[in-house]
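Asks: Provided below are the primary sequence and the corresponding predicted coordinates.
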Amino acid sequence: MASVPQLATYTSSNGAYQITITAANSSKGSITATYNSKYTPVGSLSIEGDIGGYSWVTNDSGDLTPFAISFSVSQRPSGRPYYIIERWSGYYTSDNVLVMTGIQGYVNGDGTVSTICLGTFDFTI
């Protein structure tokens, strides 16, 4: 079992979400990546930066187990017409699959609000 996520592009099983991990800092448990979401109330969303984190544990034999992993992205453009946030949380398997559940929150200037579950998906390389 790896102690850091593999640097690669992971695509959700429905094809709507993609995370490209470009760096993983094992001392901080942080992940630098690019996140793409095809469908939001404002169209597609693409955000790059330190957007993820991970943490692993060991079992009684000292072996690494699948580790917890999460990503969070948000956007509020200039003029603040809306704010959108998407968060994913789950685990990283020994065969380099992210199994995560996502949520999205959205609010805009006219008072429209939305909170939805994006679903649970396997993200594969």
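Replies: Sure thing, it's come through. Numbers count the residues shown, from 1 in each chain.

Asks: Geometrically speaking, which residue is the centre of this structure?
Replies: Per C-alpha atoms, centre = their mean, the C-alpha nearest to the average position across the chain is that of Phe71, at 3.2 Å.

Asks: helix, strand or coil for it?
Replies: When classified by DSSP: H, G, I helix; E, B strand; the rest coil, Phe71 comes out as strand.

Asks: Show me the shaky parts of this structure.
Replies: 1-2, 62-65 (pLDDT under 70).

Asks: any idea how far Thr32 is from Thr112?
Replies: Relative to Thr112, Thr32 is positioned 32 Å away (C-beta to C-beta, to the nearest Å). C-beta here means a position set from N, CA and C on the backbone, and glycine is covered the same way.

Asks: Pick out whichever of these two has more residues nearby.
Replies: Thr32 (16 against 10; other C-beta atoms under 10 Å).

Asks: and the more buried one, what element?
Replies: Secondary-structure element containing Thr32, defined by DSSP states H and E: strand 30-37.
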